[in-house]
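Asker: Sequence first, predicted coordinates after that:
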Amino acid sequence: MNKFKALLIGACTAGLLPAAGVAGPDDDKLMVNDELDLATEVAAPAHLDGALGSTIYSGWRFRTDETQALQLDDFDNPAMLTVDAALDAFNTPDGSEGKSCASCHTGGPEEFAGLSASMPKVIDGKLVVMEDLINSHRQEVMGAEPLKWSGQEMQGMVALIGLQSRGMPVNVAIDGEAAPFWEQGKEMYYTRYGQLELSCANCHEDNWGNMIRADHLSQGQINGFPTYRLKQAQLISRHNRFRGCIRDTRAETFAEGSDEFRALELYVASRGNGLSVETPAVRQ
Amino acid sequence: MADGVKPRVKVPKSASAGEAITIKTLISHPMESGQRKDADGNRIPSSIIHRFTCDFNGENVIDVDLLPAISTNPYFEFEATVPASGEFKFTWHDDDGSVYEDSKSITVG
């Protein structure tokens, strides 16, 4: 990565370079396993109407070189241990019907290529996220107990399915049946919560690239979720992160798996339309 | 035997003679230190990987003693020069007597 910076310094005039320690994403390129090129910077989707400027950036670009490096090679990516365990679970029968995921999905997890890139989506009038699909199939088809939303078994499975879409552009539908849910999510995104009276937009739209104490604020994209967070040393669900952010505003939060968070997930995912799916990403 | 133990190794498939290659190894293992107690206050017995070795065609490359207070899933990254084609053999020795093995061959050409 330093090599890339050196090249850039050679190529640019000093005036175009950001001053040291100042805000903004870095210029590193995300190439996984030396073969899969991921887009960490693309034109902002039209519905944002310039709210994030002309370009949207993956959260990877805001992390330190050391954290970024963990995502460059799957062997170094600590999330892969959980994904491996999920692959074993995929092939292990569970529940009263004696079935495993693989009993129906005979093509293996590869069957789900592209699915995560289009989630959440509306099915039968209800907005569903990946966790809903996994648990409903476990209960209705396998006769198994539902998995805990932010547990490692669940998030490992979400990550395993998301991994099949890695490199594909996020493309969630926001029109048609999804429109009312998207509007609800947007409303939440701009609502100030808690004693600190902060909305998502206050940090991730008005101040992305700036430091919030020791943390470099990203645009709050969720294209890499479930994400391995080093501080928690495990895979973190999208709803867990929403809950954490709202809690930090000193508010009573919504529950993981609530309809409010489903709507917010749809809206936040749509703000990243065009970015590559990075699942499972590694963050600070 | 500890649960969920799975060795993983990453070695390049080919190299040129005498080249220093990077080898990465990781074994998923709880590395129970013996210092913790369970919900009833009973000590959880120590169970760690206490030795890791790597051999190339029978010749020792690295031999590591591991002590308590090493995190779960111990990871080793080291370099080795390969004089000729052959096989890297990796062994992890558990406190409970289990030995986990993995091997990877490399072609020099």
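Answerer: Thanks, I have the structure now.
Asker: Just give me the longest strand of chain A.
Answerer: Here the longest strand in chain A is taken by residue count, with DSSP state E as the criterion, and it is strand A:51-57.
Asker: Helix, strand, or coil at the closest residue in space to A:Tyr57 that isn't next to it in sequence?
Answerer: Leaving aside its chain neighbours, A:Tyr57 sits nearest to A:Pro25 (4.5 Å; criterion: CB to CB, 6 or more residues apart in numbering or on different chains). Where you see a C-beta, it was placed from the backbone N, CA and C, and this is true even at glycine. A:Pro25 carries the three-state label coil when classified by DSSP: H, G, I helix; E, B strand; the rest coil.
Asker: So which bits of chain B are right by chain A?
Answerer: Of all the residues in chain B, those in contact range of chain A (CB under 8 Å from any CB of the partner chain) are B:Gly4, B:Lys6, B:Arg8, B:Lys10, B:Lys24, B:Leu26, B:Ser28, B:Asn73.
Asker: cutoff 7 Å now
Answerer: With CB under 7 Å from any CB of the partner chain as the criterion, chain B meets chain A at residues B:Lys10, B:Lys24, B:Ser28, B:Asn73.
Asker: how about the helices in the stretch 151-284 of chain A?
Answerer: Listed in chain order, the helices of the stretch 151-284 of chain A (DSSP state H, counting those that start in this stretch) span residues A:152-163, A:179-189, A:200-204, A:238-248, A:259-270.
Asker: on that earlier part again, would you indicate which residues of the longest strand of chain A are buried?
Answerer: A:Leu52, A:Ile56, A:Tyr57 (16 or more other CB atoms under 10 Å in any protein chain shown).
Asker: who's in contact with stretch B:50-70?
Answerer: The set of residues that contact stretch B:50-70 without belonging to it, under CB atoms under 7 Å, 6 or more residues apart in numbering or on different chains, is B:31, B:33-34, B:46, B:48-49, B:74, B:76, B:78, B:80, B:86-93, B:95.
Asker: Report the buried residues of that stretch.
Answerer: Judged by neighbour count using 16+ other CB under 10 Å, the buried positions of stretch B:50-70 are B:His50, B:Phe52, B:Cys54, B:Asp55, B:Phe56, B:Val61, B:Ile62, B:Leu66.
Asker: Stretch A:124-138 too?
Answerer: Residues of stretch A:124-138 classed as buried: A:Leu127, A:Val129, A:Met130, A:Glu131, A:Asp132, A:Leu133, A:Ile134, A:Asn135, A:Arg138 (neighbour count, 16+ other CB under 10 Å).
Asker: I'd like the average pLDDT over it.
Answerer: Stretch A:124-138 carries an average pLDDT of 93.
Asker: what distance separates it from the middle of the whole chain?
Answerer: Here the centre of mass of C-alpha atoms in stretch A:124-138, compared against the chain's by CA atoms, centre = their mean, to the nearest Å, lies 17 Å away.
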